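Trainee: generate coordinates for the sequence data below:
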Amino acid sequence: MDWRPERGDRMTLPTEPIGSIPRPATLIEGIQAFTHGRMSQQEFEKLYDSAVRDTIQCFEATGSPVISDGEQGKQSFATYWVHRLTNISPNGIPILFADGHVRNFPRLTSGPFRYGTSADAYLEVAQRYAHVPVKQAVASPSALSLLYPQGGIRGYSRQEFLAAMLLEQETEIRRCLHVGAHAVQIDFTEGRLSLKLDPTGRLLESFIDLNNLLIERFSAEERKRIGIHSCPGADRHSNHSAEVDYAELLPNLFRLGAGVFYLQLASETDRKRVLKLIRKHSKPEQRIFVGVTEPLDPRVETPEEVRDRVLEAAEYIPADRLGTTDDCGFAPFSDDTSRSREVAFAKIRSRVIGTALAADILGVN
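Mentor: The predicted structure follows:
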């Protein structure tokens, strides 16, 4: 079957990206030059604007009914807010990936905490060029809580930091919703990682509680547009916590009060086992977007493979609560060149087509 979605076609099963797309080489070089003062603000903004325009054109060409800006202007999915701040040090908590490379989370050196750049700024740039709805990813409270050093900060307590952080994040999400984000996705990749760092689960429970403090600030109607993304990381050619049993994460994950969940699934070795856990622990009001493409795999999935993964998921999740996504972003860190833009968009196109094929079989209206 050679089905091709046209831009106006109505998708009967929702499908959305996670967010990041590999940056053009010129933008990667520009980010480094701008960060180190070798490029002016005006030059960088022109380069960034061009990359966003091209990314959105390519995204829309896949037939995707919802897109993102590909996180083109972010240094990483978790640290975009750091721009222009002077009280942040790069030598915070190290995150070790399976292939041995390390990403360091930044560290707060003094108070007060505030955002240098809010996610709605990226969203508004994308909306200038998009002809379809745009979603926006934001950092999670649990990730940002790692900024505060264990030894504390003189004159600035952890409670003061957390209160300021939650206010910044609430304001950020409200701005995104106000300017028309299709959805706001809270990236919670550290959920599975927390179980690697603390197998007792106490760290995970504290992360869940902290994230709920943010989500509970929004109405039930607003929460329908607020989602949680969970995966074991995807940077360069590896992840940071795939060895952690999904069964240890999922029961706690669904305690989060979000209305939408974007869950890595394509790369799981036993998808049916995970789907059974999702069926057991998710709540009837929660929509589940299952991953049907694997960003770390260089091979492009066929639409038929995607279709079959959707139909498999529909055996465990009611079709009216089901959606599809990618397991993770294709380049969560700006300097990641392990995947090409062409492969990323080919996988997205397969996801869109395969989802439509499955919707036709399921007869979803």
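Trainee: what about Gln32, how many neighbours?
Mentor: 14 (other C-beta atoms under 10 Å). Where C-beta positions appear, they are placed from N, C-alpha and C, glycine not excepted.
Trainee: show the pLDDT at it.
Mentor: We have a pLDDT of 83 for Gln32.
Trainee: over to it: give its phi and psi.
Mentor: With angles defined as degrees, to the nearest 10, Gln32 sits at phi -70, psi -40.
Trainee: same check, this time on Tyr156
Mentor: phi -150, psi 100.
Trainee: check contacts around the closest residue to it other than its chain neighbours.
Mentor: Leaving aside its chain neighbours, Tyr156 sits nearest to Gly111 (3.0 Å; criterion: C-beta to C-beta, 6 or more residues apart in numbering). By C-beta atoms under 8 Å, 6 or more residues apart in numbering, the contact list for Gly111 reads 87, 153, 155-156, 160-161, 164.
Trainee: could you rerun that using 7 Å?
Mentor: Taking C-beta atoms under 7 Å, 6 or more residues apart in numbering as the contact definition, Gly111 lies against 153, 155-156, 160-161.
Trainee: wait, Leu296 touches Ala234, no?
Mentor: Yes. Leu296 is within contact range of Ala234, at 5.4 Å (criterion: C-beta atoms under 7 Å).
Trainee: now the helices for the stretch 51-200 of the chain?
Mentor: For the stretch 51-200 of the chain, the helices defined by DSSP state H, counting those that start in this stretch occupy 119-129, 141-144, 158-178, 190-197.
Trainee: count the residues that sit near His178.
Mentor: Residues near His178, counting by other C-beta under 10 Å: 9.
Trainee: if you skip the residues just before and after it, what's nearest to it?
Mentor: His178 sits nearest to Asp120 (C-beta to C-beta, 6+ apart), 8.0 Å away.
Trainee: how much space separates the one you found from Tyr80?
Mentor: 11 Å (C-beta to C-beta, to the nearest Å).
Trainee: ok, Leu203 next?
Mentor: Leu203 is 24 Å from Tyr80, by C-beta to C-beta.
Trainee: repeat for Arg307
Mentor: Distance of Arg307 to Tyr80, computed by C-beta to C-beta: 35 Å.
Trainee: would you mind checking the contacts of Gly111 for buried ones?
Mentor: Buried members of these, counted by 16 or more other C-beta atoms under 10 Å: 153, 156, 161.
Trainee: got the buried residues for the worst-scoring helix or strand of the chain on mean pLDDT?
Mentor: Here the helix or strand of the chain ranked lowest by mean pLDDT, DSSP states H and E is helix 25-35, holding a mean of 87. For helix 25-35, burial by neighbour count (16+ other C-beta under 10 Å) applies to 27-28, 30-31, 34.
Trainee: and for stretch 282-291?
Mentor: Residues of stretch 282-291 classed as buried by neighbour count (16+ other C-beta under 10 Å): 282, 286-291.
Trainee: thinking again about what came up before, so what pLDDT did the residue nearest to Tyr156 get?
Mentor: pLDDT at Gly111 comes out at 96.
Trainee: got phi/psi on it?
Mentor: According to degrees, to the nearest 10, Gly111 has phi -90, psi 170.
Trainee: ranges for the strands of the stretch 251-365 of the chain?
Mentor: 260-263, 287-293, 322-326 (DSSP state E, counting those that start in this stretch).
Trainee: sketch out the low-pLDDT regions of the stretch 101-250 of the chain for me.
Mentor: Nowhere does the stretch 101-250 of the chain drop to pLDDT under 70.
Trainee: likewise for the stretch 251-365 of the chain?
Mentor: Ranges of the stretch 251-365 of the chain meeting pLDDT under 70: 365.
Trainee: show me where it has its helices.
Mentor: Using DSSP H, counting those that start in this stretch, helices in the stretch 251-365 of the chain cover 271-281, 303-314, 341-362.
Trainee: could I get those helices as JSON lines with distance to Leu13 and mean neighbour count?
Mentor: Below are those laid out as JSON lines (distance: least, C-beta to C-beta, whole Å; neighbours: other C-beta atoms under 10 Å):
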{"stretch": "helix 271-281", "distance to Leu13": "16", "mean neighbour count": "16"}
{"stretch": "helix 303-314", "distance to Leu13": "7", "mean neighbour count": "20"}
{"stretch": "helix 341-362", "distance to Leu13": "4", "mean neighbour count": "21"}
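Trainee: brilliant, that's me finished.
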